[in-house]
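# Dropping the sequence and predicted coords here.
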Amino acid sequence: DGSTDDTGRLCDKIADNDSRIKVIHKENGGLSDARNAGIDVATGDFFSFIDGDDYIELDSYEVMIEEMKNPKVSIVAGGFIVTDVQGNDRISMSPKRKYLTKEEAFMDLLVGENYISQSSCNKLYRSSLFKINRYKKGILNEDMEILPRLLDSCNGVVILNKAFYHYVKKP
């Protein structure tokens, strides 16, 4: 998204050795624009988003894709490991795995335990959800704006009792 350091060149070098990787060079347009650009060129069955300063556990996709074998599942969400500026970790996750209809997922988001989370980054999505849904450009908290529309388009959601997304807070 318009990086001014050597990120683009490094990505090109990595892509030269792995045909699955597509590098998009574009002017800075913000997070929503960058995600939409990736969605536009992606060809896979699933989408996931990881912010540049965060990371995931190595088995995250293996666990989430296993849940996607059920055709009634459109979104899989896991928990977070939040690292504060002092380096302390706090884990936030559901105490048990559960399947939610889209209506139940809305209720969990709005008035429930919020184990689904408003973040886009702790989830695996069926790519079909993005045929009609895109991130709205030029707004803050774009995750909160798109999630209700994605839930409305989905069949069901699995909430995992596993924390795999590492959210690293910066000073």
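Thanks, I have it.
# Residue 160 belongs to a strand, doesn't it?
Yes: assessed with DSSP: H, G, I helix; E, B strand; the rest coil, residue 160 lies in a strand.
# who's in contact with it?
Residue 160 is in contact with 63, 64, 67, 76, 77, 78, 79, 93, 94, 97, counting by C-beta atoms under 8 Å, 6 or more residues apart in numbering. C-beta: built from backbone N, CA, C; applies to glycine.
# Which one of those residues is nearest to residue 23?
Nearest to residue 23 out of the contacts of residue 160 is residue 64 (C-beta to C-beta; 24.3 Å).
# residues in contact with the closest one?
46, 48, 76, 78, 124, 160.
# what would the residues you listed look like in a markdown table with secondary structure and distance to residue 168?
Output for those, formatted as a markdown table (DSSP: H, G, I helix; E, B strand; the rest coil; distance: C-beta to C-beta, whole Å):
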| residue | secondary structure | distance to residue 168 |
| --- | --- | --- |
| 46 | strand | 24 |
| 48 | coil | 17 |
| 76 | strand | 22 |
| 78 | strand | 16 |
| 124 | strand | 20 |
| 160 | strand | 20 |
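# ok, those vs residue 151, which is closest?
In terms of C-beta to C-beta, no member of the contacts of residue 64 lies closer to residue 151 than residue 76, at 13.1 Å.
# Confirm for me that that closest one is in contact with residue 122.
No: with contact defined as C-beta atoms under 8 Å, residue 76 and residue 122 do not form a contacting pair (9.4 Å).
# out of those two, which sits in the more crowded spot?
The neighbour count for residue 76 versus residue 122, taken as other C-beta atoms under 10 Å, is higher for residue 122 (28 against 25).
# which residues touch that one?
77, 78, 79, 80, 164, 165.
# I'd assumed the last one was in a helix, is it?
It stands for residue 165. No: per three-state DSSP, residue 165 lies outside any helix segment and is strand.
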